[in-house]
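Chemist: Whatever this is, show me its structure:
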Amino acid sequence: MRPRPTRVFSIISVFWLFATACGDADGGGDRTDAGGGVPGVVGLGGSLPGGAVGQGGADGGAGGGGGDAAGGVPYLDLGLPSGGGGGGGQNGGAGGEQPQGRRLRIEPSEATLLLSTGVTPTQQFSLTRIGPNGVDPVPATEALWAVVPNTLGEIDTSGLFTAGELAGEASVVAVVGGQQAEARVRLVQLGSVLEPGVPADAPVRFDAAPEGQACGPRWVYPESGTVIPSNLIGFTLQWDAEGHDLFRVTFQVGQGAGARVDWFTEEPELTPSGDNWTNLLRTAAGQPVRMTVTGLGGAGDQACPSDELPIEVDISQMTGAVYYWSTTDFGIMRIPIGDLVPEPFLNPATAPEINCPACHALSRDGQRIALTQTTFPPFGFLFVSAVNEPRSPFYNPVNKVGYFPSFNPASDQLVAGNGGQLVVTDVLSGEEIERLPMPQGHVGGSPDWAWQSDTIVAAYGEGGLSNPLPDAGINLGAIARWVKNNGVWSEPEVLVEREGDEGNDRPAFSPDGAFIAFQRTGVAQMQGQAMGNAGNSLWIIPAAGGGAPVELARANMALNMGNSWPKWAPANGGGRLWLAFSSFRSYGNKLRQGGEPKPQLWVTGIDPDAPPGSDPSAPAFWLPGQSIESGNHIPYWAVYQKE
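Modeler: Predicted coordinates for the structure are as follows:
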């Protein structure tokens with residue numbers, strides 16, 4: 001293979017296609033040189049004229065799918081002769097049979113590979129059949145594999161694709177027993193990217209400079225080991241310049257040498273964007289990425305590298321929108337994922353008639369919003385409306401009290417705190433339906449209704465002087481669960497006990513129903529309870545109970561970060577689950593916290609497959625799009641599609 005150019009300054013020939021998988025309804029049988037005869041494997045049609053029938057496997061499975069009467073054209077032309085179905089094997093396979101109601105699938109269905117100097121990228125594909133009883137693996141060696149066009153790569157009998165030298169798009173095709181599946185591979189050639197204003201000779205200057213020692217820039221954001229989604233934009237890398245005025249950020253994808261991308265800037269920060277960043281993320285999905293920033297200009301003619309900073313790009317993506325409460329905007333703001341500026345949703349600028357909309361929740365389908373409309377003296381009226389008409393409540397909220405509401409899975413009922421009781425109301429009328437059992441001398445607050453079932457968790461504590469304002473937050477609380485069976489709510493079952501002077505509050509179910517995240521309130525809890533307590537930290541338990549609470553130590557980062565208000569993103573079909581929260585930590589050099597902190601919204605990736613009892617979190621990233629000029633709380637995540 002001839003070497004590739006050492007620097008490429010643009011994206012070359014990229015595309016996006018989607019996988020398909022279907023039966024070969026009119027195609028000919030698969031080809032074997034002798035008309036079949038693979039023991040124990042599906043019989044394959046021979047390389048015979050159209051309409052003829054090849055012999056099946058010697059100890060046969062079912063014969064290959066037949067061609068049409070005239071010798072049909074296969075679903076995708078692999079250069080194979082058209083033919084009829086393979087004949088039945090000697091020990092049982094019937095000619096022309098195909099698995100009924102089962103679909104062949106290649107995994108992954110799509111892949112992006114980065115062509116880089118000195119590196120030959122590969123991608124392992126596998127086969128499964130999907131049927132009414134589930135998914136069954138199919139040995140790759142049973143398939144006939146092909147790459148179309150074959151100038152872009154090759155694939156072996158194990159399903160291992162090896163890229164060629166050219167950028168472009170390719171179909172990976174597998175044929176088994178008359179069924180065919182297809183996956184798509186994007187091959188992207190990406191080398192160096194120059195930000196506006198960077199001298200055109202910057203790559204040459206860095207290559208020519210001797211490497212300096214202990215003189216490089218110092219990373220300040222992100223934290224080492226941060227996990228990000230594979231569609232994150234607005235991710236601003238930040239470092240201390242250490243006297244340099246020209247920088248090269250190197251992304252090394254995967255283990256070993258891996259694919260490499262160099263990005264040049266004159267600023268002590270970089271927000272990668274555009275097709276270059278999109279393709280880099282797609283290539284890196286599911287892999288580690290090592291980043292190094294090298295500075296030039298601060299140490300004579302030396303190019304000074306930083307320490308290597310590892311992060312990981314997860315296969316999972318962020319979707320929907322985050323609705324949060326802003327102290328500066330005195331109301332609820334919305335960030336559609338992918339936007340870099342928040343939208344005023346309900347605040348004095350957009351709805352002056354709604355006083356102090358706060359303590360909000362979205363329905364699981366993202367169609368309805370409930371909030372506490374605060375009045376003075378401090379009464380909280382429960383206000384419910386459609387997201388597309390948020391200023392028009394379903395009913396008159398006056399005297400309909402409710403704090404920190406949560407929707408049921410059908411979005412037609414709410415549970416909210418009311419004087420320490422947990423009250424279920426009708427969404428359209430605001431009328432009370434029922435109350436959850438609350439033992440004498442106890443109070444509950446901050447309820448969360450599970451995404452899929454009639455199960456509610458809430459903070460649960462002693463009443464009286466211990467909790468004079470339970471609707472604002474439960475002091476010295478436990479986490480308890482109520483379950484509805486046969487139309488009756490159970491008595492509260494404590495899942496997390498209070499420990500000493502620390503309490504627990506703000507529980508939240510994960511979208512798959514497997515976990516409950518909550519905040520543990522530090523010993524300074526009376527200083528604002530859940531709102532302004534720097535001692536707050538994030539914890540997690542199995543939703544089924546029976547497991548000890550686990551601190552999300554990597555997400556918490558350090559002590560006294562004020563980590564609170566955990567809220568989950570809607571599930572998106574694989575990879576990590578995303579958990580947003582509010583935190584007092586600094587955001588690199590852009591927001592240095594000190595004095596009176598401004599809470600910001602951060603996101604951690606939760607590994608659903610982490611061993612029980614271990615910390616499933618990752619170091620968190622700052623949620624792009626929010627304002628650093630305001631304190632931001634309650635990052636309620638919901639389904640949303642921006643028009």
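Chemist: Which helix in the chain has the most residues?
Modeler: Using DSSP state H to define each element, the chain has its longest helix at helix 274-284.
Chemist: Check which element follows that one along the chain.
Modeler: Sequence order places strand 287-296 as the next helix or strand after helix 274-284, per DSSP states H and E.
Chemist: Next, the angle from that following strand to helix 274-284.
Modeler: 130 degrees (axes from the mean of the first three to the mean of the last three CA atoms, to 10 degrees).
Chemist: Paired strands for strand 287-296, with orientation please.
Modeler: Strands that pair with strand 287-296, judged by DSSP bridges, come out as strand 246-253 (antiparallel), strand 303-305 (antiparallel), strand 309-313 (antiparallel).
Chemist: can you give me the offset of the second one from its chain's centre?
Modeler: Remark: strand 303-305 is offset 34 Å from the chain centroid, using CA atoms, centre = their mean, to the nearest Å.
Chemist: List the neighbours of it that are in contact with it.
Modeler: With contact meaning CB atoms under 8 Å, 6 or more residues apart in numbering, strand 303-305 is reached by 206, 209-213, 215-217, 242, 244, 248, 292-296, 298. (C-beta placed from N, C-alpha, C; glycine too.)
Chemist: List buried residues within these.
Modeler: Buried subset of these (neighbour count, 16 or more other CB atoms under 10 Å): 206, 209, 212, 215-217, 244, 248, 292-296, 298.
Chemist: Using a markdown table, lay out the residues you listed together with distance to residue 174.
Modeler: Shown next, in a markdown table, are these (distance: CB to CB, whole Å):
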| residue | distance to residue 174 |
| --- | --- |
| 206 | 44 |
| 209 | 49 |
| 212 | 51 |
| 215 | 53 |
| 216 | 47 |
| 217 | 47 |
| 244 | 51 |
| 248 | 41 |
| 292 | 39 |
| 293 | 42 |
| 294 | 43 |
| 295 | 48 |
| 296 | 49 |
| 298 | 54 |
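Chemist: Let's have the residues you listed in JSON lines, adding distance to residue 466 and pLDDT.
Modeler: Formatted as JSON lines, these follow (distance: CB to CB, whole Å; pLDDT from 0 to 100):
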{"residue": "206", "distance to residue 466": "63", "pLDDT": "95"}
{"residue": "209", "distance to residue 466": "65", "pLDDT": "95"}
{"residue": "212", "distance to residue 466": "61", "pLDDT": "95"}
{"residue": "215", "distance to residue 466": "57", "pLDDT": "96"}
{"residue": "216", "distance to residue 466": "54", "pLDDT": "96"}
{"residue": "217", "distance to residue 466": "51", "pLDDT": "97"}
{"residue": "244", "distance to residue 466": "56", "pLDDT": "97"}
{"residue": "248", "distance to residue 466": "58", "pLDDT": "97"}
{"residue": "292", "distance to residue 466": "53", "pLDDT": "98"}
{"residue": "293", "distance to residue 466": "51", "pLDDT": "98"}
{"residue": "294", "distance to residue 466": "57", "pLDDT": "98"}
{"residue": "295", "distance to residue 466": "56", "pLDDT": "97"}
{"residue": "296", "distance to residue 466": "61", "pLDDT": "96"}
{"residue": "298", "distance to residue 466": "58", "pLDDT": "83"}
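Chemist: how about those residues, which pair is most distant?
Modeler: 292 and 298 (15.9 Å; CB to CB).
Chemist: List the buried residues of stretch 584-593.
Modeler: Those would be 584, 585, 586, 587, 588, 591, 593, for stretch 584-593 by 16+ other CB under 10 Å.
Chemist: Same question for stretch 568-581.
Modeler: For stretch 568-581, a neighbour-count test (16+ other CB under 10 Å) marks 568, 569, 570, 571, 572, 575, 576, 577, 578, 579, 580, 581 as buried.
Chemist: For the third one, give its distance to residue 405.
Modeler: Look at residue 570 and residue 405: by CB to CB, to the nearest Å, they are 18 Å apart.
Chemist: swap in the second one?
Modeler: Using CB to CB, one obtains 19 Å as the distance from residue 569 to residue 405.
Chemist: And this structure, split by domain according to the record?
Modeler: 20-188, 190-313, 321-638 (automatic domain parsing).
Chemist: measure the last one end to end?
Modeler: When you say that, I think you mean domain 321-638. 6 Å (CA to CA, to the nearest Å).
Chemist: so how far is that domain from its chain's centroid?
Modeler: 20 Å.
Chemist: Burial check on residue 165, number of neighbours?
Modeler: 15 (other CB atoms under 10 Å).
Chemist: Make sure it is indeed in a strand.
Modeler: No. Checked against DSSP: H, G, I helix; E, B strand; the rest coil, residue 165 lies outside a strand; its state is coil.
Chemist: now residue 453, what's its secondary structure?
Modeler: Going by three-state DSSP: residue 453 is coil.
Chemist: okay but it is in contact with residue 513, surely?
Modeler: Yes. Contact criterion CB atoms under 8 Å: residue 453 and residue 513 qualify, at 6.8 Å.
Chemist: Now do stretch 483-503: distance from first to last residue.
Modeler: 23 Å.
Chemist: ok, residues contacting stretch 566-573?
Modeler: Contacts of stretch 566-573 (CB under 8 Å, 6+ apart): 316-320, 364, 366, 506, 508-512, 517-519, 538, 577-581, 603, 634-639.
Chemist: Could you give me the PyMOL selection string for whichever of those are buried?
Modeler: This is the PyMOL syntax for the buried subset of the contacts of stretch 566-573, where burial follows 16+ other CB under 10 Å:
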select buried, resi 316+317+318+319+320+364+366+506+508+509+510+511+517+518+519+538+577+578+579+580+581+603+634+635+636+637+638+639
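Chemist: Among the contacts of stretch 566-573, which ones are in strands?
Modeler: Residues of these located in strands (DSSP state E): 506, 508-509, 517-519, 538, 577-581, 603, 634-638.
Chemist: Any regions of the stretch 201-350 of the chain where pLDDT drops low?
Modeler: Scanning the stretch 201-350 of the chain for pLDDT under 70 picks out 256-258.
Chemist: Can you show me the helices along it?
Modeler: 202-208, 274-284 (DSSP state H, counting those that start in this stretch).
Chemist: Alpha carbons only: can I get the longest one in PDB?
Modeler: To tie it back to what came earlier, the one meant is helix 274-284. C-alpha atoms of helix 274-284 as PDB (Å, rounded to 0.1, in the frame of the first residue of the first chain):
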ATOM      1  CA  GLY A 274     -18.500  21.400  11.400                       C
ATOM      2  CA  ASP A 275     -18.100  18.300   9.300                       C
ATOM      3  CA  ASN A 276     -14.600  17.800  10.600                       C
ATOM      4  CA  TRP A 277     -15.800  17.400  14.200                       C
ATOM      5  CA  THR A 278     -18.800  15.400  13.200                       C
ATOM      6  CA  ASN A 279     -16.700  12.800  11.300                       C
ATOM      7  CA  LEU A 280     -14.100  12.700  14.100                       C
ATOM      8  CA  LEU A 281     -16.900  11.900  16.700                       C
ATOM      9  CA  ARG A 282     -18.400   9.200  14.400                       C
ATOM     10  CA  THR A 283     -15.000   7.600  13.900                       C
ATOM     11  CA  ALA A 284     -14.200   7.700  17.600                       C
END
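Chemist: All set now, cheers.
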